[in-house]
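Visitor: dropping the sequence and predicted coords here.
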Amino acid sequence: MPLSDADIEEEERHFSNVVATFRKYTSYHLAANNRRRKDLFTLPKADRELLEQLGYKEKLDQVDKAILANEQFLNKIVIDPEIFGDDGNDAFEEGDEEGEAADPSISARSHSHSHSHSPHSHSHSHSHSQPHSLQSPKEYKPTEFDMDKLRSTLKQFVRDWSAEGQEERETSYGPMKDALLAHFSDIPKEERRNFRVLVPGAGLGRLAYDIASLGFACQGNEFSHYMLLASFLILNKTERPNMHTIYPYVHSFSNVPDRTSMLRPIKIPDVEPTLPSGSVFSLVAGDFEEIYGGESDPNEPQAGLWDAVMTCFFIDTAKNIVNYLRIIHKILAPGGVWINLGPLLWHWENNHTNDPSIELDLVEVKQLAAMVGFEIENERTIDATYTTNSQGMLGYTYRTAFWTAKKKI
């Protein structure tokens, strides 16, 4: 369904604010670090001298340098933020020969970012009358909430695209990929490309990329502009492993065991983000319910039925979990499989925006799935972390619910 002019204007404004947040990262965080310097001068001289012996001032200088290094990386993400264009091709398409990237032209049809770099394409589902307007991002003053999202994006790079994040990825993504392969164990590898797998809440795209690497036709769906901009850089503008260096842990001095852990650089990505010729892989930007819950143009990349839906730390983003499960059931082909792993940290619980929020316990979610038309199998609990600093003094472990669920025929 086409968006109204007011919806388009609001989305363009939000996108511009996200770009402004990226661009004001440095001034915001240098100021925060400079606050620590000012606080030093509020202390008695004897206390300052003790802290100087610890090298506290030198540590602040090192943090400044790390922030400036992060700036160089983040600027690459928004150096050309008008990625929401449309080159006129289907986003869900076969990959070209490696190295043959499509011209990233922008049309007035939509803000769809449909760039084919080898097999990686980005697309937006909504037909708009004009592309994103980025006329005055400097007028926006990012909030702490905005900056927290940006800092979380840096940590997401560690989870999805670094060697350090491999263990965390394997804990969550490993069982899901194993279940997918088990479900399609009778399908020869060369025929997997005929089976369509959807990954809602794809984040920076690693799980979807890994599934495409297994040979399946895979599409990720993501709503966050922070994630979409960042994933575009990794999947379409990165040419070799360890091409970028970030410092994701310099923004907080709490629960830090030592200076080295806080200042350690993280190299990304851990792999060259290319896929073999003939691979089918795309990312579609937008709200899961809007894109997959309604009737789609048959020519749209998200149209049609899916052989598998993979939800990782996703279903608790629902305002109405009933609708989420109905959509997943609706878009699955007969005999299709839904593979889930995640907690129930209901994102809209106690929200301040008057949005509705239905919060069920785990037993109720599984009962609801059965009522909608799923047969749940292979249930187990998997302890998993999410963007946890492996060298920090604080970490959260989720006792995530894992299952596979077949669509009843």
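Guide: Received the coordinates, thanks.
Visitor: make it CA atoms for all contacts and neighbour counts henceforth
Guide: Will do.
Visitor: burial of Val363, as a residue count?
Guide: 9 (other C-alpha atoms under 10 Å).
Visitor: pLDDT wise, what is it at?
Guide: You'll see Val363 listed with a pLDDT of 98.
Visitor: shouldn't it be within a helix?
Guide: Yes: Val363: assigned to a helix according to DSSP: H, G, I helix; E, B strand; the rest coil.
Visitor: and it, how far from Ala370?
Guide: 11 Å (C-alpha to C-alpha, to the nearest Å).
Visitor: can you check Tyr25 too?
Guide: Shown here: Tyr25 relative to Ala370, a distance of 46 Å by C-alpha to C-alpha.
Visitor: so the two - more neighbours on which side?
Guide: In this view Tyr25 and Ala370 are compared by other C-alpha under 10 Å, and Tyr25 has more residues nearby, 21 against 16.
Visitor: show me the contacts for the more buried one.
Guide: Tyr25 sits next to 71, 147 when contact means C-alpha atoms under 8 Å, 6 or more residues apart in numbering.
Visitor: which ones are touching Ile358?
Guide: So, once contact is read as C-alpha under 8 Å, 6+ apart, Ile358 ends up touching 318-321, 349.
Visitor: now it: how far from Gln391?
Guide: 36 Å.
Visitor: and Ile339, what element?
Guide: Assessed by DSSP states H and E, Ile339 sits inside strand 332-342.
Visitor: for Leu345, same thing?
Guide: Per DSSP H and E, there is no helix or strand for Leu345.
Visitor: do I have it right that it meets Phe314?
Guide: No: proximity of Leu345 to Phe314 does not meet the contact threshold set by C-alpha atoms under 8 Å, at 9.6 Å.
Visitor: these two: who's more crowded?
Guide: Phe314 (21 against 14).
Visitor: and stretch 297-317, which residues are buried?
Guide: Buried positions in stretch 297-317, judged by neighbour count with 16 or more other C-alpha atoms under 10 Å: 300-317.
Visitor: and what of stretch 61-77?
Guide: Quick answer for stretch 61-77 (16+ other C-alpha under 10 Å): 63-64, 66-71, 74, 77.
Visitor: got the CA positions of it in CSV?
Guide: What follows is stretch 61-77 as a C-alpha-only set of coordinates in CSV (Å, rounded to 0.1, in the frame of the first residue of the first chain):
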residue,chain,number,x,y,z
ASP,A,61,43.9,11.1,25.2
GLN,A,62,43.8,7.5,23.9
VAL,A,63,40.0,7.5,24.0
ASP,A,64,40.0,10.7,21.9
LYS,A,65,42.1,9.0,19.3
ALA,A,66,39.8,5.9,19.3
ILE,A,67,36.8,8.2,18.8
LEU,A,68,38.5,9.9,15.9
ALA,A,69,39.3,6.5,14.4
ASN,A,70,35.6,5.5,14.7
GLU,A,71,34.7,8.8,13.0
GLN,A,72,36.7,7.7,9.9
PHE,A,73,34.8,4.4,9.8
LEU,A,74,31.3,6.0,10.4
ASN,A,75,32.0,8.6,7.7
LYS,A,76,32.4,5.8,5.2
ILE,A,77,28.9,4.7,6.0
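Visitor: mean confidence score for it?
Guide: Here the average pLDDT along stretch 61-77 is 98.
Visitor: run through who's touching it.
Guide: Residues contacting stretch 61-77 (C-alpha under 8 Å, 6+ apart): 22-23, 25-26, 29-30, 33, 229-230, 232-233, 244-247, 250, 263.
Visitor: just to revisit the earlier point, pull the distance from the strand holding Ile339 to the chain's centre.
Guide: 20 Å (C-alpha atoms, centre = their mean, to the nearest Å).
Visitor: what's in contact with it?
Guide: Under the criterion C-alpha under 8 Å, 6+ apart, residues 172, 176, 179-180, 183, 305-315, 328, 398, 400-409 lie in contact with strand 332-342.
Visitor: coming back round to it: dump the buried residues of stretch 61-77 to CSV, plus distance to Glu164 and secondary structure.
Guide: Conversion of the buried residues of stretch 61-77 to CSV gives the following (distance: C-alpha to C-alpha, whole Å; DSSP: H, G, I helix; E, B strand; the rest coil):
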residue, distance to Glu164, secondary structure
Val63, 21, helix
Asp64, 23, helix
Ala66, 18, helix
Ile67, 20, helix
Leu68, 22, helix
Ala69, 19, helix
Asn70, 18, helix
Glu71, 21, helix
Leu74, 20, helix
Ile77, 22, helix
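Visitor: what comes up buried for the helix or strand where Glu12 lies?
Guide: If you go by DSSP H and E, Glu12 is part of helix 5-23. For helix 5-23, burial by neighbour count (16+ other C-alpha under 10 Å) applies to 8, 12-13, 15-23.
Visitor: one more: stretch 249-264?
Guide: 249-251, 256, 262-263.
Visitor: for Arg151, see how far away His14 is.
Guide: In terms of C-alpha to C-alpha, His14 sits 18 Å off from Arg151.
Visitor: now swap in Ala46 and tell me
Guide: For Ala46 relative to Arg151 (C-alpha to C-alpha), the value is 35 Å.
Visitor: residues of the strand holding Ile339 that come out buried?
Guide: Result for strand 332-342 [16+ other C-alpha under 10 Å]: buried residues 332-333, 336-342.
Visitor: Leu275: which of these is nearest?
Guide: Proximity of those to Leu275 was ranked by C-alpha to C-alpha; the top entry is Ile339 with 23.4 Å.
Visitor: if the residue nearest to the closest one when sequence neighbours are not counted is in a bridge, with which residues?
Guide: Excluding its sequence neighbours, the residue lying closest to Ile339 (C-alpha to C-alpha, 6 or more residues apart in numbering) is Thr404, at 4.5 Å. Counting by DSSP bridges, Thr404 forms beta bridges with Ile339, Glu377.
Visitor: show me where the chain has helices.
Guide: Remark: helices assigned in the chain by DSSP state H are 5-23, 25-40, 45-54, 56-78, 144-161, 166-183, 206-213, 225-236, 259-263, 288-293, 321-331, 362-372.
Visitor: between the fourth one and helix 5-23, how big is the angle?
Guide: An angle of 140 degrees separates the directions of helix 56-78 and helix 5-23 when computed by axes from the mean of the first three to the mean of the last three C-alpha atoms, to 10 degrees.
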